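Trainee: Quick one, what's the 3D model for this:
(one chain, ligands or ions: 1)
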Amino acid sequence: KKYIRSGLVTVNGEVVKKPEQKVDEKKDTVCFRGNPLTYTEYEYYLFHKPAGCVTATEDNLHRTVMDYLTDTARHDLFPVGRLDIDTEGLLLITNDGALAHDLLSPAKHVSKVYYAKIEKTYYAVIDGVVTEKDVNSFENGVDIGEEKLTKPGKLRILKSEPESEIELTITEGRFHQVKRMFEAVGKKVTYLKRVEMGSLVLPDELAPGEYRPLTEEELQELRRH
Ligand code: URA
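Mentor: This is a model prediction of the structure:
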């Protein structure tokens with residue numbers, strides 16, 4: 001608005017002075033300081049969620065994940081799926097509702113091909129010793145106090161002394177699912193981080209609180225997924 005009021009923006013070569021000026025993004029040429037701007041309908045960001053913020057667009061009490069996206073003026077972005085306030089890691093933020101729906105909607109059966117719900121991999125630290133018995137339990141699905149057992153989860157033990165470090169891949173996204181799966185086998189998650197979602201991998205160089213746009217390859221791969 002400030003730039004428009006100070007005459008730095010033109011539409012089809014004419015300086016505009018009013019921020020409410022409407023444009024047709026397909027026909028009109030909008031320039032800022034003489035340079036043409038391009039319009040993108042959809043934006044996709046890979047965010048490394050830190051602990052202490054909620055996965056919501058608004059909240060009266062806590063910082064939200066959206067508060068971190070300071071470089072975009074878009075108001076229609078939202079997080080795809082949800083991580084608990086104390087969970088860190090990979091979160092996709094976009095305004096592409098159709099892609100979000102495809103990623104979150106339940107498994108489907110289309111012309112004899114079974115599309116599993118997207119896989120999510122978590123790294124966790126567990127208070128207690130995680131055993132091969134737990135690996136088997138997770139493989140068979142565990143009772144987390146709901147009508148149905150969880151779908152099979154792939155549990156890999158990375159370290160087991162003095163506390164355990166594990167990786168767990170699941171296809172569902174039930175409320176507090178990872179924490180409740182460990183509770184079901186009598187263990188407590190003390191740290192939780194999502195490291196993969198479908199074809200997306202949390203990049204090592206992205207620190208908690210940082211984000212970057214998805215690359216074209218990442219987006220194509222996610223769509224193929
Ligand atoms: N499972 C949990 O318990 N919490 C999360 O944030 C994500 C998966």
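Trainee: Figure out the helix or strand that the residue nearest the centre of the chain lives in.
Mentor: Centroid-nearest residue in the chain, with Cα atoms, centre = their mean: Leu91, separated by 2.1 Å. Per DSSP states H and E, Leu91 falls inside strand 88-94.
Trainee: same check, this time on Tyr39
Mentor: Counting by DSSP H and E, no helix or strand carries Tyr39.
Trainee: Tell me if the strand holding Leu91 is near the ligand.
Mentor: No. Using Cβ under 6 Å from any ligand atom, we find that strand 88-94 stays clear of the ligand, coming within 8.4 Å at best. Just so you know, the C-beta spots here come from the backbone N, C-alpha and C atoms, and that holds for glycine as well.
Trainee: what lines up beside that strand in the sheet?
Mentor: strand 44-49 (antiparallel), strand 78-80 (antiparallel), strand 188-197 (parallel) (DSSP bridges).
Trainee: which helices and strands does the helix or strand following that strand pack with?
Mentor: Under the assignment DSSP H and E, the closest C-terminal helix or strand after strand 88-94 is helix 97-104. Judged by 3 or more Cβ pairs under 8 Å, 6 or more residues apart in numbering; DSSP states H and E, helix 97-104 is in contact with strand 78-80, strand 88-94, helix 216-224.
Trainee: Alongside the ligand, which residues does this protein contribute?
Mentor: 83-84, 87, 176-179, 192.
Trainee: wait, Lys188 sits on Gly128?
Mentor: Yes. The criterion here is Cβ atoms under 8 Å, and Lys188 meets it with Gly128 at 6.8 Å.
Trainee: where does Asp134 fall, helix, sheet strand or coil?
Mentor: Secondary structure assignment for Asp134 (DSSP: H, G, I helix; E, B strand; the rest coil): helix.
Trainee: pretty sure it contacts Gly186?
Mentor: No. The criterion here is Cβ under 8 Å, and Asp134 misses it with Gly186 at 9.2 Å.
Trainee: what about the two, which has more around it?
Mentor: Comparing Asp134 with Gly186 by other Cβ atoms under 10 Å, the one with more neighbours is Asp134, at 25 against 8.
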